[in-house]
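Visitor: Below is the sequence, then the predicted model.
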Amino acid sequence: WQDRGAATGVQREYDANGQPVLKAIKKGVKDFDFGTTLGEGSYSTVLAALDRSTQKQYAIKVLDKRHIIKEKKVKYVNIEKETLNRLTDHPGVVRLYYTFQDERSLYFVLDLCAGGELLSVLKRMTTFDEDCTRFYGAQILDTISYMHSKGVIHRDLKPENVLMDDQQHIKITDFGTAKMLEAHQDASGRTYYDSDAGQLRDRATSFVGTAEYVSPELLTDKNACKASDLWAFGCIIYQLLAGRPPFKAANEYLTFQKIVALEYDFPTGFPETARDLVERLLVLDPHLRLSLENIKAHDFFRGINWGRGLWREKAPRLR
Ligand SMILES: NC(=O)c1nn(CC2CCNCC2)c2c1CCc1cnc(N=C3C=CCC=C3)nc1-2
């Protein structure tokens with residue numbers, strides 16, 4: 001397992017002749033005070049942690065090596081690490097600073113999002129008003145736009161994976177089930193990523209996201225594409241305004257049936273402009289779904305300042 005950024009800095013020391021020597025600093029478990037458990041997976045635990053020397057707070061994901069191998073999850077751990085290494089330059093993605101390991105575990109040192117899950121905030125509010133939905137929807141969309149520009153499809157977008165930092169801005173997490181499109185260089189040496197069409201159908205994939213947000217194409221021909229993240233985005237916008245996801249049934253199978261039958265309706269009072277946006281996103285054929293640029297241009301997002309300005313704005317008061 002090759003640690004990335006294992007050297008988290010350098011410090012000046014002096015050799016026997018008094019000559020200055022720069023020594024790579026490698027952080028380890030002993031450099032942190034671990035706090036509350038933020039989340040648990042089948043082979044990982046995420047803990048709040050304080051770096052004793054810098055007093056900076058992080059979230060540290062601890063992955064049990066033996067469990068990863070036993071559960072045949074090595075591929076997913078590498079996908080998550082490579083995905084996070086591609087997504088290092090956007091405020092809407094939980095950042096991986098560096099990794100280290102010991103005999104038993106791997107450690108991912110990540111941004112801490114003290115505000116918790118967007119889902120928990122929504123449950124406290126029951127529903128968001130249009131302004132809050134527009135602001136948080138725009139931050140999520142801006143982040144999806146960045147991920148897709150780097151050839152990453154998240155594949156499991158949902159309010160539980162949208163976290164809030166201490167400025168009430170969002171950060172998307174949990175890339176263990178992401179799909180990375182192949183990188184290519186064009187004639188001028190610029191990197192571009194295979195369009196979905198060019199993707200070999202990874203029919204072999206057994207992965208399906210979370211029932212309520214899974215796209216019809218993943219259920220029918222088992223192939224996720226960038227538009228699959230935009231289907232999930234449509235479900236999230238609906239849920240912020242309605243207080244519940246559009247497709248929800250007594251069990252997963254019945255939920256899947258509603259999705260492929262496009263069986264959902266809008267509660268009375270659902271705002272018209274938002275309804276138009278959701279109806280153009282929850283489209284069965286991924287090729288007919290609104291594209292990212294068309295969503296940004298939709299009337300619902302009128303007045304949004306796309307790009308870095310969006311992340312400097314003060315979050316609207318949640319009401
Ligand atoms: N899977 C992960 O990488 C991950 N999981 N969590 C906690 C999960 C809890 C269930 N919903 C999805 C997230 C985190 C991370 C990244 C890094 C990360 C950073 N900050 C927090 N903060 C939280 C604070 C309060 C409650 C939950 C999470 N959480 C995480």
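Guide: Structure's in. What do you need? Given the structure is predicted, the values throughout are model-derived calculations rather than measurements. Numbering: from 1, shown residues only.

Visitor: now the residue of the stretch 201-319 of the chain found nearest the ligand: how far from G303?
Guide: For the stretch 201-319 of the chain, the residue closest to the ligand is T210, as judged by CB to the nearest ligand atom, at 10.9 Å. C-beta: built from backbone N, CA, C; applies to glycine. T210 sits 31 Å away from G303, going by CB to CB, to the nearest Å.

Visitor: what about those two, which has more around it?
Guide: T210 (18 against 7; other CB atoms under 10 Å).

Visitor: Quick one: residues contacting the more buried one.
Guide: Residues in contact with T210 (CB atoms under 8 Å, 6 or more residues apart in numbering) are 156, 158, 160.

Visitor: where do the helices sit along the stretch 101-250 of the chain?
Guide: With DSSP state H, counting those that start in this stretch as the criterion, the stretch 101-250 of the chain has helices at 118-125, 130-149, 216-220, 226-242.

Visitor: Pick the most deeply packed of those helices.
Guide: Per residue and on average, the most neighbours among those fall to helix 226-242, with a mean of 25 (mean count of other CB atoms under 10 Å).

Visitor: Pull out the CA atoms of that helix and give them to me as PDB.
Guide: Extracted in PDB, the C-alpha atoms of helix 226-242 (Å, rounded to 0.1, in the frame of the first residue of the first chain):
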ATOM      1  CA  LYS A 226     -22.700  11.100 -15.500                       C
ATOM      2  CA  ALA A 227     -26.400  11.600 -16.000                       C
ATOM      3  CA  SER A 228     -27.000   9.000 -13.200                       C
ATOM      4  CA  ASP A 229     -25.600  11.600 -10.700                       C
ATOM      5  CA  LEU A 230     -28.000  14.200 -12.200                       C
ATOM      6  CA  TRP A 231     -30.900  11.800 -11.600                       C
ATOM      7  CA  ALA A 232     -29.800  11.600  -7.900                       C
ATOM      8  CA  PHE A 233     -29.500  15.400  -7.900                       C
ATOM      9  CA  GLY A 234     -33.100  15.700  -9.100                       C
ATOM     10  CA  CYS A 235     -34.200  13.400  -6.200                       C
ATOM     11  CA  ILE A 236     -32.200  15.600  -3.700                       C
ATOM     12  CA  ILE A 237     -33.800  18.800  -4.900                       C
ATOM     13  CA  TYR A 238     -37.300  17.200  -4.700                       C
ATOM     14  CA  GLN A 239     -36.500  15.900  -1.100                       C
ATOM     15  CA  LEU A 240     -35.200  19.300   0.200                       C
ATOM     16  CA  LEU A 241     -38.500  21.000  -0.800                       C
ATOM     17  CA  ALA A 242     -40.900  18.100  -0.100                       C
END
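
Visitor: could you give the angle of that helix to helix 130-149?
Guide: Helix 226-242 runs at 170 degrees relative to helix 130-149, counting by axes from the mean of the first three to the mean of the last three CA atoms, to 10 degrees.

Visitor: helix or strand right after helix 226-242?
Guide: helix 252-260 (DSSP states H and E).

Visitor: which secondary structure elements does that next one contact?
Guide: helix 216-220 (3 or more CB pairs under 8 Å, 6 or more residues apart in numbering; DSSP states H and E).
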